[in-house]
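Participant: sequence and predicted structure, then a few things I'm wondering about:
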Amino acid sequence: MNNSLKQYIDLHDENLEAINAHSAPQLIGLRDEARQVLENAVLPRKGSDDYEATDLNAALAPDYGVNINHVDLSRESTTKFRCEVPNLSTCLYYVFNDTFRRSATAGQSGDPASVESFQATKHPEVLAKHYGTVARLENTCTALNTMLAQDGVLIYVPKGVATTKPIQLINVFDANARLMAVRRVLIVLEDDAKAKVLVCDHTKGDQQYLSLETVEIVVGRNAQLDYYHMEESDEHTTRLSQLWVRQEEGSNVLIDGITLTNGYTRNDYHIDVDGQHCDTHLLGMAIATGEQHVDNHTLINHNAPRCQSNEMFKYVLNDNSVGAFAGKILVKPDCPKIDAYQGNRNIVAAPTARMYTKPQLEIYTDDVKCSHGATVGQLDQEALFYMQTRGISLPVAQKLLMQAFMSDVIDGVRLDTLRDRLRHLVEMRLSGDSMICESCELKR
């Protein structure tokens, strides 16, 4: 066992009574099993025999504070914080550190979906039925989250219901000391339900933060879910995120992970396609500068025949930043008629930036159409020269080519207003401009 894990096991053992006393009851049942898994776990290190670009042991090594008594540590109210997409009306909720809050636009009469904290949910039977059934404890970060989680956010869309507005969840770090937030989210769409969920990460101040997040998503028969995540944190923030999805027959899922600003990020995506005739779209993009680190690991398990999946991740790296991508598409035996594609395209704009990529296909049946590919390169010098001969300065030409490079991932967004906003944010990011909204007091 790594020392970084031992400190959290010791914390759990010494404070178990307090942890359980401040927990939703449905979370207590898996805590002991998660602890047993961690007792024998070894975190992979950077450069190990298995492909690994993120040193998880080092990421968890600092002595972060953990909110054992689940006290509301936030110093910021929802009236001072803004995270709005122009012309997009959402049902807005917040998680300040690890504490769930509603906004004035949330929970209004007539909202078809239920968005609640685990402790206050009106649907404890949904939480009891699905919590811990998609995420697997053999994943060390998920086991650590399960051992320490005390509350979470339940997004529940009943059978046949289509949400009228996107659900927006804003994660905000705001504390006066080093802090780890153990965040848990469960999204359940029953049969024939439809929902769009937008999650945004932000940080306030200059403290060191660790976001340890596990998201479980259950998508019922013929249900449709769009899930967008945008990270706009800072160089002091470490994010270790596990996203687990289970798709049932005929479902359609779009997962889109966007890293615009960050410190040290590792995202893991695990998708089990368990029913026939499913569509799966997994998209991601990252822009990294300075010393930023962005690592995405993906696994799509095709466990049923007659499905299709499309996966594309793109990176633009500059300065001393590091990017990594490790993706696998697994087609199980007796699962014919699978149409799957995986792509990873990267621009390394500085000689000191580094990109590691490992796309994989693992196929155990016939009659499939599966392909994958990865490229790592620089901006097209001929295109840059041509644009300069037409009077466009080199920095502007570079920005235009980078924007064009990201266009197909941006075009995959199925919300028009969010797609337009993302284009604007990418343009500002590539220009080096501030992306803080004028109405937001987050950085003031």
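Facilitator: Perfect, thanks for sending it. Numbers count the residues shown, from 1 in each chain.

Participant: from residue 102, how far out is residue 267?
Facilitator: According to Cβ to Cβ, to the nearest Å, residue 267 stands 27 Å off from residue 102. (Each C-beta comes from the backbone N, C-alpha and C, glycine too.)

Participant: who has more neighbours out of these two?
Facilitator: residue 267 (23 against 16; other Cβ atoms under 10 Å).

Participant: show the pLDDT at the more buried one.
Facilitator: Residue 267 is assigned a predicted lDDT (pLDDT) of 97.

Participant: what distance separates the helix or strand encompassing it from the middle of the whole chain?
Facilitator: Element membership for residue 267 (DSSP states H and E) is strand 264-273. How far strand 264-273 lies from its chain's middle: 7 Å, per Cα atoms, centre = their mean, to the nearest Å.

Participant: and for stretch 197-207?
Facilitator: 12 Å.

Participant: list the buried ones in that stretch?
Facilitator: By neighbour count with 16 or more other Cβ atoms under 10 Å, stretch 197-207 contains the buried residues 197-204, 207.

Participant: residues touching that stretch, excluding its own?
Facilitator: 76, 83, 85, 90, 155, 166-179, 185, 187, 209, 211, 225-234, 236-237, 239, 415, 418, 442-443 (Cβ atoms under 8 Å, 6 or more residues apart in numbering).

Participant: let's go with 6 Å and repeat that
Facilitator: Residues from elsewhere that reach stretch 197-207 (Cβ atoms under 6 Å, 6 or more residues apart in numbering): 83, 166-175, 178, 209, 227-234, 236-237, 442.

Participant: related to what we said a few turns ago, who are the packing partners of the strand holding residue 267?
Facilitator: Strand 264-273 sits against strand 237-247, strand 293-302, with contacts defined as 3 or more Cβ pairs under 6 Å, 6 or more residues apart in numbering; DSSP states H and E.

Participant: can you report how many residues neighbour residue 211?
Facilitator: Neighbours around residue 211, by other Cβ under 10 Å: 24.

Participant: same question, the one 3 residues further on
Facilitator: Taking other Cβ under 10 Å as the criterion, the count of residues near residue 214 is 27.

Participant: and it, that one's in a strand?
Facilitator: Yes - checked against DSSP: H, G, I helix; E, B strand; the rest coil, residue 214 lies within a strand.

Participant: spatially nearest residue to it (excluding sequence neighbours)?
Facilitator: residue 145 (4.2 Å; Cβ to Cβ, 6 or more residues apart in numbering).

Participant: and the helix or strand harbouring the one you found with strand 237-247, angle?
Facilitator: According to DSSP H and E, residue 145 maps onto helix 140-148. Angle of helix 140-148 versus strand 237-247, following axes from the mean of the first three to the mean of the last three Cα atoms, to 10 degrees, is 90 degrees.

Participant: what lines up beside the helix or strand just after helix 140-148 in the sheet?
Facilitator: Following helix 140-148 in sequence order, the next helix or strand is strand 153-157 (DSSP H and E). Within its sheet, and counting by DSSP bridges, strand 153-157 is paired with strand 114-117 (antiparallel), strand 179-189 (parallel).

Participant: now the element after the first one, going C-ward?
Facilitator: In this case it means strand 114-117. helix 124-130.

Participant: next one: that following helix to chain centre, how far?
Facilitator: 23 Å.

Participant: among the contacts of stretch 197-207, which are in helices?
Facilitator: When the contacts of stretch 197-207 are checked against helices using DSSP state H, none is located there.

Participant: give me the buried subset of those.
Facilitator: The buried subset of the contacts of stretch 197-207 - by 16+ other Cβ under 10 Å - is 83, 166-175, 209, 227-234, 237, 442.

Participant: which of the helices or strands spans residue 255?
Facilitator: Using DSSP H and E, residue 255 falls in strand 252-261.

Participant: who does that strand touch, helix- and strand-wise?
Facilitator: Taking 3+ Cβ pairs under 6 Å, 6+ apart as the contact cut, strand 252-261 packs with strand 224-232, strand 279-288.

Participant: re earlier: TSV for the helices and strands packed on strand 264-273, including distance to residue 328 and mean pLDDT?
Facilitator: Shown next, in TSV, are those (distance: least, Cβ to Cβ, whole Å; pLDDT from 0 to 100):
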stretch	distance to residue 328	mean pLDDT
strand 237-247	15	97
strand 293-302	5	97
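
Participant: among these, which comes closest to residue 338?
Facilitator: Nearest to residue 338 among the helices and strands packed on strand 264-273 is strand 293-302 (5.0 Å), distances taken as Cβ to Cβ.

Participant: now the next helix or strand after the closest one against strand 293-302, angle please.
Facilitator: For strand 293-302, the following helix or strand on the C-terminal side (DSSP H and E) is strand 307-317. Relative orientation of strand 307-317 versus strand 293-302 (the same axes, to 10 degrees): 170 degrees.
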